[in-house]
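[1] turn this into a model:
(chains A and B)
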Amino acid sequence: MSGELEAIMTYSILAAILFSYAFNRISSLSKLKRELAGNPAEDSEE
Amino acid sequence: MANYSSLAIPTTIVGLIGVVITALLGFFYAPLVDPDSWNAPEAYRILYWHVPFAWTSFLSFCLLFIGASSWYVRRSERGWAMLVIGSQLGLLFGLGVIISGPIWGSAEWGVPWDWGDVRLNSYALLTSVALFLVMSIRSQPDGEETRDTLAAIGLFGFVLVPVTAIATTLWRNRHPGVILRESGETGVDAEIKQLMGFGAFSFLVLFIGLVLLNYSIYSLRRELEDENRKIDREVIS
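    Predicted coordinates:
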C-alpha cells in the first residue's frame, strides 16, 4: 500500500472545499455588485 | 474600495491556478521519497497541500487576532471585518488540515489521530474556535455585546497559535518536525522543498485574494444596507 489512493482522495476533497468556497465568494461579490448597480434604476422606475 | 474589489477576483483566480499547479507538480514532477524510510511513500504527496494549508490557516488566525484587538482598542469596523474574515478563512484552511492530516496519518502511521500529540489536539481546538466564531457570527444578532464576546473568544483562541507552532519542537510525539528547516532527520530533497515553497507562495496569493474578496463583500453589504436604510427613511418621511 503506497498511499496513492489516499493522496488522490485528499486532493479531491480539499479541491472541492477550496473551489466551492472561492466560487461562492466570487458569485456573492458579483451578485452584490449587480444589486448595487441596479438599485438606482429600480428607484427611478418606482 | 473599488480597488480592492477589482483586484479580488483576479488575485483569487491566480491563487487557485497556483494551488492546482502545485498539486499537479506534486503528483507528476516531485520525486518519490525513500520507500525504506516512509511507510506510504506516495501518500507523502498530500503534504504539498497539507503544509501550505496549515501555514495559511495560521495567517488567517493572525488576521483574526489583529481584527479582535483592533475591535477592542478602537471599536474599528474594519477590525470587526478582519475578525469575521479571519475566522472564516481560519475555518476553511483549518478544515483542510484536519481532513488531510488524518488521511495521511492513517496511511503513514497506521492511525488517523494521536490523542497524546499536543500539536494535533491544540490545532483541532484552534479550528473548533474558528468554527464556533463563524457559527456565532451567523446566528447571533449583530451588536456591540455580541462583538465584544466573540472578539474575546478570538483573542483567547489565538493563544493556541504559538502553542501549536512550537508544539512540534517542544513536545513532538507523532507529528513530523518542521519540514523546510535544514536537518538531517527530515532528509527532504531540494526539489521537494522548492515545490513546497511554490505551494506556500500560491496559497499566500490565494489567501490575499480571498481576504480582498471577503472584504469587498463585507463593504458592499454595508453599502447596500445603508442605501436600503436611506430609502426606508425617505419612504417614511
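
[2] sketch out the low-pLDDT regions of chain A for me.
    Filtered on pLDDT under 70, chain A yields the residue ranges A:1, A:39-46.

[3] spell out which residues of it are next to chain B.
    A:1-4, A:6-7, A:9-11, A:13-15, A:17-19, A:21-22, A:25-26, A:28-29, A:32-33, A:35-36, A:39, A:43 (Cβ under 8 Å from any Cβ of the partner chain). Heads up, the C-betas are built off the backbone N, CA and C, glycines and all.

[4] recalculate using a threshold of 6 Å.
    A:2-4, A:6-7, A:10-11, A:13-14, A:21-22, A:25-26, A:28-29, A:32, A:36, A:39 (Cβ under 6 Å from any Cβ of the partner chain).

[5] which of those count as buried?
    If you count burial by 16 or more other Cβ atoms under 10 Å in any protein chain shown, the buried members of the residues of chain A next to chain B come out as A:2-3, A:6-7, A:10-11, A:14, A:21-22, A:25-26, A:28-29, A:32.

[6] quick one: B:Ala92 and B:Ala130, what's the gap?
    Heads up, residue B:92 is Leu, not Ala. As judged by Cβ to Cβ, to the nearest Å, B:Leu92 and B:Ala130 stand 9 Å apart.

[7] nope, B:Ile46 is what I was after
    B:Ile46 is 22 Å from B:Ala130, by Cβ to Cβ.

[8] pLDDT on whatever helix or strand B:Phe132 lives in, on average?
    If you go by DSSP states H and E, B:Phe132 is part of helix B:118-139. Mean pLDDT, computed over helix B:118-139, is 91.

[9] re the thing from before, which of the residues of chain A next to chain B fall in strands?
    Among these, DSSP state E puts none in strands.

[10] residue contacts, the closest residue to chain A within chain B?
    At 2.5 Å from chain A, B:Ala43 is the closest residue in chain B, using Cβ to the nearest Cβ. Shown in contact with B:Ala43 (Cβ atoms under 6 Å, 6 or more residues apart in numbering or on different chains): A:3, A:6-7, B:104, B:107-108.

[11] farthest pair in those?
    A:Ala7 and B:Glu108 (11.1 Å; Cβ to Cβ).

[12] name the single longest helix found in chain B.
    Assignment by DSSP state H gives helix B:190-236 as the longest helix of chain B.
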